[in-house]
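In: pasting a predicted model and its sequence here:
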2 protein chains.
Amino acid sequence: MPETLPPDCVGLVEPRTLHFSDPLPLACGQSLGEYDLVVETYGTLNEEASNAILICHALSGHHHAAGYYSLDDRKPGWWDSCIGPGKPIDTNRFYVVSVNNLGGCHGSTGPNTVNPATGQPYGPDFPVITVRDWVDSQIKLADRLGIQQWAAVVGGSLGGMQALQWAISYPDRLRHSVVIASTPRLTAQNIAFNEVARRAITSDPEFHGGRYYEHNTVPRRGLMLARMIGHITYLSDASMGEKFGRELREQAYQFGYDAEFQVESYLQYQGERFSESFDANTYLLMTRSLDYFDPAYEFNNDLAAALRHAQCEFLVLSFSSDWRFTPARSEELVNAMIAARCRVSYSEIDAPWGHDAFLIPTPRYMDTFSAYMDRVAREIGA
Amino acid sequence: MPETLPPDCVGLVEPRTLHFSDPLPLACGQSLGEYDLVVETYGTLNEEASNAILICHALSGHHHAAGYYSLDDRKPGWWDSCIGPGKPIDTNRFYVVSVNNLGGCHGSTGPNTVNPATGQPYGPDFPVITVRDWVDSQIKLADRLGIQQWAAVVGGSLGGMQALQWAISYPDRLRHSVVIASTPRLTAQNIAFNEVARRAITSDPEFHGGRYYEHNTVPRRGLMLARMIGHITYLSDASMGEKFGRELREQAYQFGYDAEFQVESYLQYQGERFSESFDANTYLLMTRSLDYFDPAYEFNNDLAAALRHAQCEFLVLSFSSDWRFTPARSEELVNAMIAARCRVSYSEIDAPWGHDAFLIPTPRYMDTFSAYMDRVAREIGA
């Protein structure tokens, strides 16, 4: 909790819920008859509505990207390091829109919200949502907010996939796409980690086929394991080594199976905290959405072909120690962009923090990101 | 199942059980009053008993390293690629001893064998066994077999740790130590993966605090998850990509959470098979033994100091794509050996198969291993 809000913070913020009653057709063949999207906005939309930035969140993210809900909050929004006055996404210049994705568990319609057809939570009946579906829902949001063209769509990890999909699905509706720590498609290893996490959840006896709400329980153990696995893949071997090494909680080995290395209790704590706040069905959905993302798939696995109609300019950023979505994956994407004659800037940021580096304001990252966003602002006179 | 046994196979083999009734003091402070070790041997011990090779197994390994139990066996022992007539560990020249470690679940005394004090399986009362304890039990085995000095102690992964510990604990009892795809100690990331695997097992309601035998059940789901996690870390991103890519079982996405990528069903199959054949308490024990291994620990974290009294010659092999125990870890070990003025040969083998590469007979690996073992044989006139 900050004593007073720092000057480069967007300040106290409030989410709001927008209701959409036009059906949204989905990739799976079903459609959502109506739905809510929860959003936060920071900064002021200019008269031409040309200074809007859409923030797309990652697996466990949500709409609360910056600022505080109250002075009692222990932490600000998840990307407060990058959004605020004078920060890379400068709220003195941009109007920032941050949305909780469909299928999420922070207020937007998802497995833990009520299915109007039954009066019960959707649970396992909530359809699988793809990255393309999210972008289709986000364009309804843009229409609602009167934003004809985003100055930029920005996201890290799964959020970067959405920024990429925007350029493919709605080429004239964004000027810039910022794709950070992302990949044009998951590898077999990425899918494998997701599958273990899902299996941990679905094999928890408290999962009840996804209808745990009706049993007044949650698959806490499975969700905890899923988070622990995920967490390892977000960090690098080196950063875990630097943070924990082989440090023990006690003076010597205990010769038992309770957590006795610091890294063990850290992971357990992270897993437990997550299992108390995140919805298991949403975790399944988000990981499946990651698995399915593959814009080249419909273009005979030719990523350049998928990008042929993109009109926006791209910034692609990767992090040297990210072994989840390695720099090689970003380079694959950049090479396809070049082949498709897209305008693209690319930088691999040297940072030891693994995949999570996209959340950490290292100087080189902030400078690169700020310089690019400054250009975006100047283009639109903001 | 082979139609006939291949000529470079050790043939049909049989395990035997050796009983030891002298107490074995353990690192944890407890001791085992009596215990069994199950072994297989291949080849013939020469008159001087100078041609014996000890094979140390890894996490999920056992004594059945080479040959077949019957012509109906689908597969030979786990290291049949390296042990047999004309193979790197040439059974025409060497007498090979392969042991199931204490705490294992393939016949040697362990959590699933009967505690003579209670008449029930040890279960969670079985003490945690360290690498040093294993080596202490293996020297009793050497004494029993009349082997004053091993021509070589050989192992991959956790087995390599034992080969290394032999050189430290009993310098004059081995001529060569062959440490393959191993590490002088686990990193925080290694420990983290082990912890998630253990947590998957212990949080399975069927675990019953390790007393599942008494409940006529096994923590199948937990063990399956543990194996799936482990399996991912044994393979490389590239080898999983080559083997499975994003290949689907059906023609198109199913938009559900059942296994639909080939890699998912492969992992599930591996996990299920493992959960039917491996003991959960042994899995806990083996991973903990990995965590604890750190010969430098008692030498103020100076690995060279730990190696100062080693007398044997070392071969250290690593594999380029092994991200579990990277070549950098082997180099750390080799540097300490050089600092301690040990004789050491080192090669990083270029192989795409990840940690599992130590089980796969790639030409460069086999040539390097064979050349070294040929020298070992010639030294002793075998």
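Out: Arrived safely, thanks for sending.
In: what mean pLDDT does the helix or strand harbouring A:G222 have?
Out: Take DSSP states H and E as the rule and A:G222 turns out to sit in helix A:220-234. Averaged over helix A:220-234, pLDDT sits at 98.
In: how about stretch A:30-38?
Out: For stretch A:30-38, the per-residue pLDDT averages 97.
In: would you mark the buried spots in that stretch?
Out: Neighbour-count burial for stretch A:30-38 flags A:L32, A:Y35, A:D36, A:L37, A:V38 (criterion: 16 or more other CB atoms under 10 Å in any protein chain shown). Using the backbone N, CA and C atoms, a C-beta is placed for each residue, glycine as well.
In: wait, A:Y68 touches A:T4, no?
Out: No - using CB atoms under 8 Å, A:Y68 is not in contact with A:T4, being 10.8 Å away.
In: tell me which of these two has more neighbours.
Out: A:Y68 (22 against 7; other CB atoms under 10 Å in any protein chain shown).
In: okay, helices next: where are they in chain A?
Out: Ranges of helices within chain A are A:131-145, A:158-169, A:188-202, A:220-234, A:237-243, A:262-277, A:280-292, A:303-306, A:327-339, A:363-379, based on DSSP state H.
In: now the residue of the stretch 251-382 of chain A found nearest chain B: closest residue in space that isn't a chain neighbour?
Out: Closest contact between the stretch 251-382 of chain A and chain B, by CB to the nearest CB, is at A:F255 (3.7 Å). Excluding the flanking residues, the one nearest A:F255 by CB to CB, 6 or more residues apart in numbering or on different chains is B:C28, at 3.7 Å.
In: which pLDDT value belongs to A:Q251?
Out: On the pLDDT scale, A:Q251 gets 85.
In: can you pull the residues of the stretch 1-150 of chain A lying near chain B?
Out: Within the stretch 1-150 of chain A, the positions near chain B by CB under 8 Å from any CB of the partner chain are A:A27, A:C28, A:G29, A:P127, A:V128.
In: can I assume the third one is in contact with B:G256?
Out: No - using CB under 8 Å, A:G29 is not in contact with B:G256, being 11.9 Å away.
In: would you quantify the distance from the nearest residue to A:H19 once chain neighbours are set aside to B:R93?
Out: Distances taken as CB to CB, 6+ apart place A:D36 nearest to A:H19, at 5.4 Å, with adjacent residues excluded. Distance, A:D36 to B:R93, by CB to CB, to the nearest Å: 75 Å.
In: next: A:L54.
Out: Per CB to CB, A:L54 is found 70 Å from B:R93.
In: if we can go back for a sec, for the residues of the stretch 1-150 of chain A next to chain B, work out which two are farthest apart.
Out: Farthest-apart pair in the residues of the stretch 1-150 of chain A next to chain B is A:G29 and A:V128; separation 10.3 Å (CB to CB).
In: between those two, which has more neighbouring residues?
Out: A:V128 (21 against 8).
In: surely that one meets A:L285?
Out: Yes - A:V128 is within contact range of A:L285, at 6.1 Å (criterion: CB under 8 Å).
In: so which residue of the stretch 1-150 of chain A comes closest to chain B?
Out: A:C28 (3.7 Å).
In: got the contact list for A:L267?
Out: Applying CB atoms under 8 Å, 6 or more residues apart in numbering or on different chains, we find A:L267 in contact with A:M228, A:H231, A:I232, B:A192, B:E195, B:V196.
In: give me that answer again for 6 Å
Out: By CB atoms under 6 Å, 6 or more residues apart in numbering or on different chains, A:L267 lies in contact with A:M228, B:A192.
In: distance of it relative to A:D204?
Out: On the measure of CB to CB, A:L267 and A:D204 end up 18 Å apart.
In: look at A:Y69 and say how many residues are nearby.
Out: Around A:Y69 there are 14 other residues, counting by other CB under 10 Å.
In: typed the wrong thing, it's A:G222
Out: A total of 27 residues lie near A:G222 under the criterion other CB under 10 Å.
In: ok, now which ones touch the closest residue to it other than its chain neighbours?
Out: In space, A:G222 comes closest to A:D204 once its chain neighbours are excluded; the distance is 3.3 Å by CB to CB, 6+ apart. Contacts were defined as CB under 6 Å, 6+ apart; by that measure A:D204 touches A:P219, A:R221, A:G222.
In: give me that answer again for 10 Å
Out: Contacts of A:D204 were listed using CB atoms under 10 Å, 6 or more residues apart in numbering or on different chains, and they are A:212, A:217-226, A:280, B:203-205, B:221.
In: nearest to B:V334, of those residues?
Out: Ranked by distance to B:V334 (CB to CB), the contacts of A:D204 are led by A:L225 at 36.2 Å.
In: hang on, that closest one packs against A:I201?
Out: Yes - look at A:L225 against A:I201 with CB atoms under 10 Å: they come within range, at 8.0 Å.
In: what touches both of those two?
Out: A:P219, A:S275.
In: between those two, tell me which one has more neighbours.
Out: Of the pair A:L225 and A:I201, A:L225 is the one with more neighbours under other CB under 10 Å, namely 30 against 27.
In: okay, now the residue nearest to the more buried one when sequence neighbours are not counted: neighbour count?
Out: Spatial nearest neighbour of A:L225, excluding adjacent residues (CB to CB, 6+ apart): A:A200 at 3.9 Å. Using other CB under 10 Å, A:A200 has 32 other residues around it.
In: ok, now which ones touch A:A200?
Out: Shown here is A:A200, whose contacts under the criterion CB under 10 Å, 6+ apart are A:207, A:219, A:221-229, A:280, A:283, B:196, B:199-200, B:203, B:221-222, B:224-225, B:228-229.
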